[in-house]
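Peer 1: here's my sequence, what's the structure:
(chains A and B)
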Amino acid sequence: MEKYDVFYTRSKDGLFAYLLRMTGDYHLSCDLVQESFSRYLQRYSDIGERSRSLLYTIARNAAMDTFRKVKVDQLNPDGYADQNNNPEQQLDDRQSYDRVMAAIQQLSVIDRELISLLSGADLTYAEIGRILGISETNVKVKVHRARLRLKEILSNGGT
Amino acid sequence: MDYLGSMYIDNELDLEEKVRFIEKIHSEQDFYQQTVDLLVQEKQVRTIPEKFMIPVETRVRFDLKKWLGKVFHPLVYAGAGFAFATLVLFALRPVSTSQLAAVNRFVIYEPAASRVELTGTFNGWQRVAMHQIGTTGYWELNVQLSSGEYRFAYILDGSRRIADPTQPTRENDDFGGENSILKVDKQA
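Peer 2: Okay, the predicted model is just below:
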């Protein structure tokens, strides 16, 4: 079985990318990554195979729990603003990032979910199907539609 | 079959679909343009500016006690406990897995330095290498500290020792240099 630290190292960045797109909140995403690995270990450390779909399902549930407690519009998209950094050097990146993040937040939940799950470049359509409880064929169609809708939002200036 | 473009982006095409994809790209200008647009868009979606990446402490930290508790069988608890105690004994090293009070993030802007180290009373003045934050000129290190008062300084390129320029409280050391003073309050 894949060792836990290897599993952690291989999965954490993709999982973080997913949670960041889903929640739009930097600090919350950091916390949810920790929470997800912790829950995975507590409940499923003894199952045979390390399962990314299971990890993402746990993360998704943890994110949903948070959404129930906190309204989405109360989340803190500028939660990273207190990071020590030099904003000028990152201005271009930051503008593009903000624009895309804002557009993603305008998608429907299922579209946002699909875009977010793929943003870590880590999961296959089959794994995404398992996480969302839909067929792989359905994932194909829905992913493409979600991307087209995101394109439309971005080309309308994000409004 | 418009979704061939997304399947291409996500590496989901089998050989037969690759043939169809290439033919479609070749014969349909609209499809070609859409695929290019979606690729560029996906690149934007997947890019996280370095500053907003998952932070260092989240990259390295996980709950060792829970991990030990779950993974180790009761028979080896004693061994695990001993290992954990050993870890705690050696916890004077930064970013260790001890039960210390809080993580303190040391940050310094030194774009000209090729190496920056942190040294201080929290680890017996051992030098610990700081991590460069991309190409920003900033260097950082997270150190877990219990409450108390600490002296520390940065060492640039292995030799030049400076106090933290952003830290107002300092004192002279015995060698003609200055150390910064950091107070860590106990957290509830």
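Peer 1: so, low pLDDT: which residues of chain A?
Peer 2: Residue ranges of chain A with pLDDT under 70: A:1-2, A:45-48, A:70-93, A:158-159.
Peer 1: neighbouring strands for the helix or strand that contains residue B:153, and are they parallel or not?
Peer 2: Counting by DSSP states H and E, the element that carries residue B:153 is strand B:148-156. According to DSSP bridges, strand B:148-156 forms sheet pairs with strand B:116-120 (antiparallel), strand B:160-162 (antiparallel), strand B:178-184 (antiparallel).
Peer 1: nearest to residue B:169, out of those strands?
Peer 2: Taking C-beta to C-beta, strand B:178-184 is the member of the strands paired with strand B:148-156 nearest to residue B:169, at 4.2 Å. Yep, even glycine has a C-beta here, placed from its N, CA and C like the rest.
Peer 1: chain B: helices as residue ranges?
Peer 2: B:4-9, B:15-27, B:29-46, B:56-60, B:64-71, B:77-89 (DSSP state H).
Peer 1: looking at these, which has the lowest confidence?
Peer 2: Note on the helices of chain B: helix B:56-60 shows the lowest mean pLDDT, a mean of 47.
Peer 1: rebuild the strands paired with strand B:148-156 as CSV, extending it with distance to residue A:98.
Peer 2: CSV is the format used below for the strands paired with strand B:148-156 (distance: least, C-beta to C-beta, whole Å):
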stretch, distance to residue A:98
strand B:116-120, 30
strand B:160-162, 35
strand B:178-184, 34
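Peer 1: so what's the spatially most central residue of chain A closest to, chain neighbours aside?
Peer 2: For chain A, the residue sitting closest to the mean C-alpha position, by C-alpha atoms, centre = their mean, is residue A:18 at 1.6 Å. In space, and not counting its chain neighbours, residue A:18 is closest to residue A:116: 4.8 Å by C-beta to C-beta, 6 or more residues apart in numbering or on different chains.
Peer 1: dump the residue contacts of that neighbour.
Peer 2: By C-beta atoms under 8 Å, 6 or more residues apart in numbering or on different chains, the contact set of residue A:116 is A:17-22, A:104.
Peer 1: checking it next. Helix, strand or coil?
Peer 2: helix (DSSP: H, G, I helix; E, B strand; the rest coil).
Peer 1: what about it, distance to residue A:128?
Peer 2: 10 Å (C-beta to C-beta, to the nearest Å).
Peer 1: cool, residue A:149 as well?
Peer 2: 17 Å.
Peer 1: more neighbours, those two?
Peer 2: With neighbours defined as other C-beta atoms under 10 Å in any protein chain shown, residue A:149 and residue A:128 compare such that residue A:128 has more, 23 against 17.
Peer 1: ok, the more buried one touching residue A:139?
Peer 2: Yes. Taking C-beta atoms under 8 Å as the definition, residue A:128 is a contact partner of residue A:139 at 5.2 Å.
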